[in-house]
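# Return atomic coordinates for the entry below.
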Amino acid sequence: MRPLARAFDDVKALFEGNFPGYLPCDTLYHDSRHTYDMTLAMARLVEGHDRTQLPADQLGRTPRGARRGHRAVA
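So this is what the prediction gives:
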């Protein structure tokens with residue numbers, strides 16, 4: 001399975017409680033739609049940031065950059 005399809009399948013399984021070790025998510029607002037919306041917003045922010053940075057300072061191009069980006073929002 002391709003990585004993007006796998007990610008969507010995993011998120012669906014998590015929210016439905018079909019992922020080992022996790023219960024279903026039944027909150028009214030923080031549902032899968034909200035998660036997808038915020039993921040898209042974050043991807044757009046990272047892309048905008050990376051367009052203005054030198055490769056060494058980009059967040060979305062390498063695993064190291066992704067870790068730095070995660071720490072910035074955590």
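# Domain map for this protein?
1-27, 31-74 (automatic domain parsing).
# From the contact counts, what lies against the longest helix along the chain?
Ranked by residue count under DSSP state H, the longest helix found in the chain is helix 32-51. Where contact means 3 or more CB pairs under 8 Å, 6 or more residues apart in numbering; DSSP states H and E, helix 32-51 is packed against helix 3-16. Every C-beta, even on glycine, is put in place using the N, C-alpha and C of the backbone.
# Switch the domains of the chain over to JSON lines; also include mean neighbour count and mean pLDDT.
What follows is the domains of the chain, written out as JSON lines (neighbours: other CB atoms under 10 Å; pLDDT from 0 to 100):
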{"stretch": "domain 1-27", "mean neighbour count": "11", "mean pLDDT": "90"}
{"stretch": "domain 31-74", "mean neighbour count": "12", "mean pLDDT": "82"}
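# From residue 55, how far off is the residue nearest to the spatial centre of the chain?
Ranked by distance to the mean C-alpha position of the chain (CA atoms, centre = their mean), the top residue is residue 39 at 4.7 Å. According to CB to CB, to the nearest Å, residue 39 stands 24 Å off from residue 55.
# Residues touching stretch 10-19, excluding its own?
22, 23, 24, 25, 31, 32, 35, 36 (CB atoms under 8 Å, 6 or more residues apart in numbering).
# Quick check: the farthest pair among those residues?
Across those, the longest distance by CB to CB is 20.0 Å; it joins 23 and 36.
# distance of the residue of the chain most remote from its centre from residue 12?
Here the centre of the chain is the reference, and by CA atoms, centre = their mean the most remote residue is residue 54, at 22.9 Å. According to CB to CB, residue 54 stands 37 Å off from residue 12.
# next one: residue 56
Here the criterion is CB to CB. By it, residue 56 lies 36 Å from residue 12.
# from the contacts of stretch 10-19, which is closest to residue 3?
Checking those against residue 3 with CB to CB, the nearest one is residue 36 at 16.1 Å.
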